[in-house]
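In: what would the 3D arrangement of this be:
(chains A, B, C and D)
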Protein chains: 2
Amino acid sequence: MEVQLQIRMNEKLFLRDPEQTELGKKIIRHSIQVIYKNGFELFTFKKLAEDIGTTEAGIYRYFENKHRLLIYITAWYWGWLQFRVVFNTNNIKEPSVKLKKIIQLLATTVVDDDKTIHINEDLLHQIIISEGSKAYLTKHVTEDNKEQLFKPYKDLCAVIADIILDFNPKYKYPRSLASSIIEIAHFQNFFKNNLPALTDFGQTKDELKVVAFLEDLVFSSIRKK
Amino acid sequence: MEVQLQIRMNEKLFLRDPEQTELGKKIIRHSIQVIYKNGFELFTFKKLAEDIGTTEAGIYRYFENKHRLLIYITAWYWGWLQFRVVFNTNNIKEPSVKLKKIIQLLATTVVDDDKTIHINEDLLHQIIISEGSKAYLTKHVTEDNKEQLFKPYKDLCAVIADIILDFNPKYKYPRSLASSIIEIAHFQNFFKNNLPALTDFGQTKDELKVVAFLEDLVFSSIRKK
DNA sequence: TTTAAATGATAGTAACACTATCATAAACAA
DNA sequence: TTGTTTATGATAGTGTTACTATCATTTAAA
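Out: As a prediction, this is how the structure comes out:
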């Protein structure tokens, strides 16, 4: 039996649903590669079109602009990550074990997931680390938020916050801690590879050090005092 | 007696030193306003030139491009913040008191500093929160880093890490914790105002809640166990 | 007072971020 | 089968952005 994972996306993110057509799926797959290669600032629909072998106009039929496409792929990532969190913490009773699992999922390299053929999850993870925050660090974040574009991020955050409360119902900052874990996981990963002086991990490529730092931080904070 | 604060900037950041001329100082002052108003993506040298009453070519004589200008003003901010940290923790013996002071400096609204006439520190602080990370989240971060463009950030981080070690010499992640404090202070502030579901601070504009969260996080982690 | 440096004014180019139009190919319905 | 949507391809065009270049003029330093 083969299981295919499909993540339902907010319809306001696109003009035409990219999951429904071949070209649409190509746009998603190739956009991840082209953003990874160029960085989001130098990423253009023209480059993407050339990579796919279509024209700019073709892309514009699916996405209003490159920023919406970025929100789309980040939203997809958050939805996918939430699935993995729920899946991997299922049947675990101990909230501490769940939290450790989550930290590991957040902070370590993604292994390409066969359940989604047209998305390279490892590249996507790298993009989220260096470009993800640009999805919401804009002047129009409030309007975008009203359209629920960041719901997958907020949902994931809520799931983690609930587990934190499960561990210690008296902890006062479950959501702030949840969003901080997510952001730190990405930032420390970026710093480790690009600005190592901002970390204690040196040039060692060992992601487990980020995990150890996060575990220490989280469990120190939420332990019952 | 009047004290003027001048922060020595890396010469690679500019083509002509903006501190040395009237137009240069106008570029810095107005760029903060125009970036604040438009956000960095929609900020252009043309808009800045119009705001100042000069021409695009005039700006290009000082800065290679808008990204270098962003690095310049973020670097200035880190330099200024380090000065404030050192100044405000001077003569304090207790590292815990120092750390609380630092958290407060990082997480609360800046009061405009009269020692630098041509810079509005409150606006600058707002820009750092929403645009600051874009200075290094690029494909060319490694080359920029080789030119020492992020030294002020790294220096500030080192100062904070030293105080953390002073509090607990056995703590294993002083630099990662320092950079995390800085980033969380900004992100939680941004989330509080724009994506409140990612925090526990609701729509209350009370910055002291971010301070309380950070203090709890930091002192839980670094206390001697 | 001479000379150099900084600024202003203007023009120009390649790329980017779109919008519009029309032809064709594939899918689907009568 | 034919007729009709629907998706795609191909091409063109517009306004803006991100620069570079040139030359005249004003301001500051020697």
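In: ok, longest helix in chain A?
Out: helix A:66-89 (DSSP state H).
In: and that helix, what other elements does it pack with?
Out: Counting contacts by 3 or more C-beta pairs under 8 Å, 6 or more residues apart in numbering or on different chains; DSSP states H and E, helix A:66-89 packs against helix A:22-38, helix A:95-107, helix A:121-131, helix A:151-167. Yep, even glycine has a C-beta here, placed from its N, CA and C like the rest.
In: next, format those as CSV and append mean neighbour count and mean pLDDT.
Out: Shown next, in CSV, are the helices and strands packed on helix A:66-89 (neighbours: other C-beta atoms under 10 Å in any protein chain shown; pLDDT from 0 to 100):
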stretch, mean neighbour count, mean pLDDT
helix A:22-38, 19, 96
helix A:95-107, 19, 97
helix A:121-131, 20, 95
helix A:151-167, 20, 98
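In: how about those helices in JSON lines, adding distance to B:Ile102?
Out: Shown next, in JSON lines, are these (distance: least, C-beta to C-beta, whole Å):
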{"stretch": "helix A:22-38", "distance to B:Ile102": "36"}
{"stretch": "helix A:95-107", "distance to B:Ile102": "26"}
{"stretch": "helix A:121-131", "distance to B:Ile102": "27"}
{"stretch": "helix A:151-167", "distance to B:Ile102": "26"}
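In: DNA strand C: which of those helices is closest?
Out: With C-beta to the nearest atom of the strand, the closest approach to DNA strand C among these belongs to helix A:22-38: 8.7 Å.
In: could you give the angle of the closest one to helix A:121-131?
Out: With axes from the mean of the first three to the mean of the last three C-alpha atoms, to 10 degrees defining the directions, helix A:22-38 sits at 60 degrees from helix A:121-131.
In: is there contact, residue-wise, from helix A:22-38 to DNA strand D?
Out: Yes - shown here: helix A:22-38 in contact with DNA strand D (C-beta under 7 Å from any atom of the strand) through A:22-24.
In: other residues contacting that helix?
Out: Outside helix A:22-38, the residues within contact range by C-beta atoms under 8 Å, 6 or more residues apart in numbering or on different chains are A:16-19, A:43, A:47-48, A:51-52, A:54, A:58-59, A:62-63, A:69-70, A:72-73, A:76, A:118-120, A:123-124, A:126-127, A:131, B:139.
In: just those residues that are near DNA strand C?
Out: With C-beta under 7 Å from any atom of the strand as the criterion, the contacts of helix A:22-38 include A:Lys47 near DNA strand C.
In: buried ones among the contacts of helix A:22-38?
Out: Buried residues within those, defined by neighbour count using 16 or more other C-beta atoms under 10 Å in any protein chain shown: A:18, A:43, A:47-48, A:51-52, A:54, A:58-59, A:62-63, A:69-70, A:72-73, A:76, A:119-120, A:123-124, A:126-127, A:131, B:139.
In: from A:Phe43, how far off is the residue in chain A that DNA strand C sits nearest to?
Out: Taking C-beta to the nearest atom of the strand, DNA strand C has its nearest neighbour within chain A at A:Asn65, 3.0 Å off. Using C-beta to C-beta, to the nearest Å, A:Asn65 is found at 11 Å from A:Phe43.
In: what's the answer for A:Tyr77, then?
Out: Taken as C-beta to C-beta, the span from A:Tyr77 to A:Phe43 is 16 Å.
In: what does A:Val210 give?
Out: As judged by C-beta to C-beta, A:Val210 and A:Phe43 stand 27 Å apart.
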